[in-house]
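Chemist: dropping a prediction and its sequence here:
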Amino acid sequence: RQATAPTQFGMTVDTDVSGWVKVKWDHGAEEKCRVGAEGTYDLLVISLPSFTASGAGGLGKACNGQYVRVGCHNGMPKYRQERGDTIMFFE
């Protein structure tokens, strides 16, 4: 979607029932994008086979690590921590 850097990735950080989401791009900028609003989609949703979570501290520190896709939750990807018990999914 991002015209200035079309190869960048981002993550949805907030949703709106009217068909908009807020995306935080890898380079730090945030932007509202359509996901059905006005009958248009600005984003391409991808599902990674694995990813690494890092940077959590305190009680969340145990959630850092490599995650692999293990199925779906409500139609969205579900991931399991490779060396732990943590399950992560996105809604």
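Modeler: Cool, got the structure.
Chemist: what sits closest to the residue most central in space within the chain if chain neighbours are left out?
Modeler: For the chain, the residue lying nearest the average C-alpha position, counting by C-alpha atoms, centre = their mean, turns out to be residue 11 (4.0 Å). Beyond its immediate neighbours in the sequence, the residue positioned closest to residue 11 (C-beta to C-beta, 6 or more residues apart in numbering) is residue 24, lying 5.8 Å away. Placement of C-beta: from N, CA and C, glycine included.
Chemist: quickly list what the one you found is bridged to.
Modeler: Bridge pairing for residue 24 (DSSP bridges) gives the partners residue 11, residue 30.
Chemist: quick one: pLDDT of it?
Modeler: On the pLDDT scale, residue 24 is placed at 87.
Chemist: what sits against it?
Modeler: Shown in contact with residue 24 (C-beta atoms under 8 Å, 6 or more residues apart in numbering): 10, 11, 13, 30.
Chemist: how close does it get to residue 14?
Modeler: When distance is defined by C-beta to C-beta, to the nearest Å, residue 24 is 9 Å away from residue 14.
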